[in-house]
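Engineer: coords below, sequence missing:
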């Protein structure tokens, strides 16, 4: 939150964890819960990544369980078995050892969104 020049409080950031993919709304929490059911997944955070055509696409940041591995294709196959709508499927998978945390110990999705923007810029995709 921040104080505007007129003295009003403004809330910054996402009020809901929704991804807007070409006008279709995707609940990050719904996708996270489905991915968490994968036997090789310890933790997951789903974030929006910018896209010049659709506005946003879905990126899944995953911490695999110790000794487990996970590929993008394995994740997509697993989610398709859950009969998820195709437009809700993540379009990118990033594997991490741990998540960036906020000062109160919650996963910092803001930092993850900034990370994917840097990666997309480095790849010349945005």
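Structural biologist: Great, that's in hand. What you are looking at is a predicted structure, and each value in this text was computed from that prediction instead of being measured.
Engineer: alpha carbons only for contacts and neighbour counts from here, please
Structural biologist: Noted.
Engineer: need the three-state assignment for residue 48.
Structural biologist: Three-state call for residue 48 (DSSP: H, G, I helix; E, B strand; the rest coil): strand.
Engineer: that one and residue 59 touch, don't they?
Structural biologist: Yes: counting by CA atoms under 8 Å, residue 48 sits close enough to residue 59 to count as a contact (6.1 Å).
Engineer: biggest helix in this structure by residues?
Structural biologist: helix 109-122 (DSSP state H).
Engineer: what's it in contact with?
Structural biologist: Around helix 109-122, the neighbours that count as contacts under CA atoms under 8 Å, 6 or more residues apart in numbering are 45, 47, 48, 49, 50, 61, 100, 126.
Engineer: out of those, which are buried?
Structural biologist: Among the contacts of helix 109-122, those scoring as buried are 45, 47, 48, 49, 50, 61 (criterion: 16 or more other CA atoms under 10 Å).
Engineer: can you redo those residues as TSV with pLDDT?
Structural biologist: Shown next, in TSV, are the buried ones among the contacts of helix 109-122 (pLDDT from 0 to 100):
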residue	pLDDT
45	98
47	98
48	97
49	97
50	96
61	98
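Engineer: and the furthest pair within these?
Structural biologist: 45 and 50 (16.1 Å; CA to CA).
Engineer: show me the helices in the protein, by range?
Structural biologist: So, for the chain - with DSSP H - the helices run 28-36, 72-81, 109-122.
Engineer: hang on, the earlier thing: adding distance to residue 72, write the buried ones among the contacts of helix 109-122 out as CSV.
Structural biologist: Formatted as CSV, the buried ones among the contacts of helix 109-122 follow (distance: CA to CA, whole Å):
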residue, distance to residue 72
45, 15
47, 16
48, 17
49, 16
50, 19
61, 11
